[in-house]
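Quick one: sequence and predicted model below, then my questions.
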Amino acid sequence: KQEVTQIPAALSVPEGENLVLNCSFTDSAIYNLQWFRQDPGKGLTSLLLIQSSQREQTSGRLNASLDKSSGRSTLYIAASQPGDSATYLCAVSTIGNEKLTFGTGTRLTIIP
Amino acid sequence: GAVVSQHPSWVICKSGTSVKIECRSLDFQATTMFWYRQFPKQSLMLMATSNEGSKATYEQGVEKDKFLINHASLTLSTLTVTSAHPEDSSFYICSASWQQKINTGELFFGEGSRLTVL
């Protein structure tokens, strides 16, 4: 059974700093990995999707990497802004299955 | 494109009543829809997977007689919480897969529905 863990559970950094969020998964036979953002009481906003054959994806100030063999992914946020404050979730789907298994999330606070 | 809408966004009901939540794909036909539940400060837990015209597949530990899922068309799935109790209070989120994105496995999520049972 796939298990997804995110460390740290919460993170506070001053505005302008670069930061890294971590995600690890137990079963390396994944189809893809997605990073989402969730604001309090809201649904999910998709940030980046990495296929199992890819090593990284970039969108603006966000860069996500994937090391399938070690079961890890990182989300790098450059030049953080207060508007980046949210909970960040990673989720993986396994081969032959559309179902997503979500991580526990990292609650990010950017301090102005 | 690929917008998923849920209704209602929030609902409060009395214990013992039933509540229906709708999930619609607005601009695409969803081959499969998924229902998740999220308790406060916890991650999303998959409840069930539904395909149009067939019975939903429930995850272990989810009561299929309590959480009725109907997927009558390629654009609409409904989740009915029957005889709701306070412990059913949660944030329910649906997602849908789109045939055009099937190769990437990308899923599209609704805005969520917050259920509070008094």
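Yep, it's here. Residues are numbered from 1 along each chain as shown, chains lettered A, B, ... in the order given.

Could you use CA atoms for every contact and neighbour count after this?
Will do.

Spell out which residues of chain B are next to chain A.
Contact residues, chain B versus chain A (CA under 8 Å from any CA of the partner chain): B:34, B:42-46, B:93, B:104-106, B:108-112.

mind listing which of those residues are in strands?
Among those, the members falling in strands are B:34, B:44-46, B:93, B:108-109 (criterion: DSSP state E).

Out of the residues of chain B next to chain A, which end up buried?
The neighbour-count test (16 or more other CA atoms under 10 Å in any protein chain shown) applied to the residues of chain B next to chain A identifies B:34, B:43-46, B:93, B:104-106, B:108-112 as buried.

Now tell me which of the residues of chain B next to chain A the prediction trusts least.
pLDDT is lowest at residue B:104 among these; the value there is 73.

contacting residues around that residue?
A:32, A:51 (CA atoms under 8 Å, 6 or more residues apart in numbering or on different chains).

so which pair among the ones in strands among the residues of chain B next to chain A is furthest apart in space?
Across these, no pair lies farther apart than B:45 and B:108, at 15.9 Å, counting by CA to CA.

now the helices: where do they sit in the chain?
No chain in the question, so chain A it is. Assigned by DSSP state H, chain A shows no helices.

The chain in question should be chain B.
Under DSSP H, chain B gives no helices.

In it, which residue is most central in space?
By CA atoms, centre = their mean, chain B has its centre lying nearest to residue B:35, at 3.4 Å.

and the nearest residue to that residue once chain neighbours are set aside, what pLDDT?
Ranked by CA to CA, 6 or more residues apart in numbering or on different chains and with sequence neighbours excluded, the top spatial neighbour of residue B:35 is residue B:94, at 4.5 Å. Predicted confidence (pLDDT) at residue B:94: the value is 95.

I'd like to know how many residues surround residue B:94.
Using other CA atoms under 10 Å in any protein chain shown, residue B:94 has 31 other residues around it.

cool, and residue A:38?
For residue A:38, the tally of surrounding residues (other CA under 10 Å) stands at 18.

Residue A:45 is in contact with that one, correct?
Yes: when contacts are counted by CA atoms under 8 Å, residue A:38 is listed as touching residue A:45 (6.3 Å).
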